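[1] Build me a structure from this.
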Amino acid sequence: MTATTSDGGTGTRVPVAARPPAWTHAGVAWGILGVVLVSRLALLGHGYGGDPDAWRAISAAQHLLDTGTYVPSRVPGYPLPEYVDALLLYLGVGSSLVIGLVSALLSGVSAALFFTLLSPLGRTRAVAGALALAFTPVVYVASLGAMDYLWGLTFFLAATSCMLSRRIWWAAILLGLAAASRPSYALGIVPLVLLYVDFEPRRLRDRAGWRPLAVLTVCSGLIALAFFVPAFLAVGFQTPKVYGDWKYLLYNVSLGLFGVVGVLGVTLAVVSAWFNRRRGVALPNPLGRVLDRWAVTVVVMFGLLFVWLPDEASYLIPALLGGYWLLCRYSPQVTLWVLTASLLVSCFVFSVERHQGALQFTTSGPVLRDIDAQEERSCVAAVVKHQLATSSDYVIAGAYRPQLLVEVGMPLAQRILYTVRPDSGGGLVDAEGVLIPADARLLLLDRVADQQSEEWQMAGARASVLDSHGACPDSA
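    Below is the predicted model of the structure:
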């Protein structure tokens, strides 16, 4: 069957060029990896990430080195990347530059793998789609620090590629590693199983197909379980606490995910794909039908998981794969390049952030805001470290605590608290489990007064205020 596509927005159907030779395809994939990696290099080394969870991951890795016990940075655990962080720290190369470089490399690999997945649509569309994924603001930000998003994404894309070529064992191993990086990717077994049966569930009745699917299920499950056993032994089996409401959901699925300019580009691409839905790239069956259904399944499954826990826009990264596949197939080609350009611009220009329950507009994009936030917290860490070194005070640091723990270091960091509240015995307890002596003198970091008030309104005599604004300009 000769594949065709619509030319721009005219609706004229033209043949898609045959897939280029393997060496040419590989060269383009390597080129995408290189472009994505180079686009990150100048921005590495500013810290482990603006998300406090990135610094929690480093603390978990350091704790593993110090004690030999893995206590996950947050439940239920993200063991594979945190084990790698611990290894890098052990080797003496665990700086934010090196760990950020690993994430940047993973972003390039994931873009190259996505290019391969998109390649039946033609080289130009595949390049545009791969770069759109790499330049989506949440993906760009994740590629500069220690967060685990790109670990799971890369392994899941690799597992999908292996399943398309019926390499079951490799698909099982890679899916297990994806789930060991981020447990939400355990859901990836559903689209992979459906890919194996070409989205024809009746084929599951054929016993001859059970053995490969058993290999996929058992092998991937055992690999993931092996990584999670230390976490379960340390903290038991726990699920994340659900945060966020419909306002979080609406923000994170739009401005939080794509940025201000990116939302405009995505809107244009979605609208144009809808009107062009009958004139998209024609693919031979069952390939076109199967990949469309794979895309919809990925969007629905990871989208529903996000609806349950809409706290972070980055939780939607796996759903982007399905969404961008559909846009690359059905949007006019010129619209895809507008989409890619808008996402790239959106990384650096304009952002709308949630701040103390309100939306705050800034001219800097999410990538620059992420770097600014870390530099502000590094300055605050110096203020807090000086205070702790010259007194026996305890400092309530709120959301600043994860970064301060790493930058201040032990033993001073033992006196950095998150937020405090009274316990049943009349004393005070820290929200993250730090013991607070009855005679401890408390200092409340000025920047987290509102956060502490949300937890518990302390009497003024119970804590003094530690001023940091004089030394550290507010990044906002």
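[2] which residues does the nearest residue to Val296 once chain neighbours are set aside contact?
    Among residues not flanking Val296 along the chain, Gly322 sits closest, at 6.4 Å (Cβ to Cβ, 6 or more residues apart in numbering). The way it works is simple: take the backbone N, C-alpha and C, and place the C-beta from them, glycine included. Shown in contact with Gly322 (Cβ atoms under 8 Å, 6 or more residues apart in numbering): 294-299, 302.
[3] same for the helix or strand where Val218 lies, what does it pack against?
    Secondary structure assignment for Val218, by DSSP states H and E: helix 210-235. Applying 3 or more Cβ pairs under 8 Å, 6 or more residues apart in numbering; DSSP states H and E, one finds that helix 210-235 contacts helix 79-90, helix 168-181, helix 189-196.
[4] now that helix: how far from the chain's centre is it?
    Taking Cα atoms, centre = their mean, to the nearest Å, one finds the center of helix 210-235 at 22 Å from the center of the full chain.
[5] and what of stretch 333-342?
    Remark: stretch 333-342 is offset 23 Å from the chain centroid, using Cα atoms, centre = their mean.
[6] Dump that stretch to PDB, keeping only the CA atoms.
    In PDB, the C-alpha atoms belonging to stretch 333-342 read as follows (Å, rounded to 0.1, in the frame of the first residue of the first chain):
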ATOM      1  CA  GLN A 333       3.100  19.600   8.600                       C
ATOM      2  CA  VAL A 334       3.600  23.300   8.900                       C
ATOM      3  CA  THR A 335       1.500  23.300  12.100                       C
ATOM      4  CA  LEU A 336       3.800  20.800  13.600                       C
ATOM      5  CA  TRP A 337       6.700  23.100  13.200                       C
ATOM      6  CA  VAL A 338       4.700  26.000  14.600                       C
ATOM      7  CA  LEU A 339       4.000  23.700  17.600                       C
ATOM      8  CA  THR A 340       7.600  22.800  18.100                       C
ATOM      9  CA  ALA A 341       8.800  26.400  17.800                       C
ATOM     10  CA  SER A 342       6.100  27.600  20.300                       C
END
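[7] what comes into contact with whichever helix or strand comes after the helix holding Val218?
    Per DSSP H and E, helix 210-235 leads on to helix 246-252 as the next helix or strand towards the C-terminus. Residues from elsewhere that reach helix 246-252 (Cβ under 8 Å, 6+ apart): 244, 306-307, 310-313, 315-316, 352, 354, 359.
[8] Of these, which is the nearest to Trp337?
    The closest of those to Trp337 turns out to be Leu316 (Cβ to Cβ; 22.7 Å).
[9] The closest one is in contact with Leu305, isn't it?
    No: between Leu316 and Leu305 no contact is recorded; they are 9.2 Å apart, counting by Cβ atoms under 8 Å.
[10] Those two: which has the busier surroundings?
    Comparing Leu316 with Leu305 by other Cβ atoms under 10 Å, the one with more neighbours is Leu316, at 22 against 16.
[11] That one and Arg207: what is the separation?
    Counting by Cβ to Cβ, to the nearest Å, the separation of Leu316 from Arg207 is 38 Å.
[12] What ranges in the stretch 301-450 of the chain fall below the confidence cut-off?
    Residues of the stretch 301-450 of the chain meeting the criterion pLDDT under 70: 356-357.
[13] Now do the strands in it.
    Taking DSSP state E, counting those that start in this stretch as the test, the strands found in the stretch 301-450 of the chain are 349-355, 358-364, 394-396, 416-417, 420-422, 428-430, 442-445.
[14] neighbouring strands for the first one, and are they parallel or not?
    Take DSSP bridges as the rule and strand 349-355 pairs in its sheet with strand 358-364 (antiparallel).
[15] Could I get the buried residue list for the partner strand?
    Thr362 (16 or more other Cβ atoms under 10 Å).
[16] same deal with stretch 450-467?
    Within stretch 450-467, the residues that qualify as buried by neighbour count (16+ other Cβ under 10 Å) are 451-452, 458, 463, 466.
[17] now swap in stretch 124-134 and tell me
    Neighbour-count burial for stretch 124-134 flags 125-134 (criterion: 16+ other Cβ under 10 Å).
[18] can you tell me which residues contact the closest residue to Val434 other than its chain neighbours?
    Excluding its sequence neighbours, the residue lying closest to Val434 (Cβ to Cβ, 6+ apart) is Leu417, at 5.6 Å. Contact partners of Leu417, counting by Cβ under 8 Å, 6+ apart, are 394-397, 401, 430-432, 434, 436, 442.
[19] Same check on Leu204?
    When contacts are counted by Cβ under 8 Å, 6+ apart, Leu204 touches 197, 210, 213.
[20] domains of the chain?
    For the chain, automatic domain parsing gives the domain ranges 20-355, 368-466.
[21] and the residue nearest the centre of the chain, how far is that from Leu435?
    The residue lying closest to the centre of the chain (Cα atoms, centre = their mean) is Tyr149, at 3.1 Å. Computed as Cβ to Cβ, the Tyr149 to Leu435 distance reads 33 Å.
[22] Then Asp292?
    Look at Asp292 and Leu435: by Cβ to Cβ, they are 56 Å apart.
[23] do the same with Ala224
    From Ala224 to Leu435 the distance is 34 Å (Cβ to Cβ).
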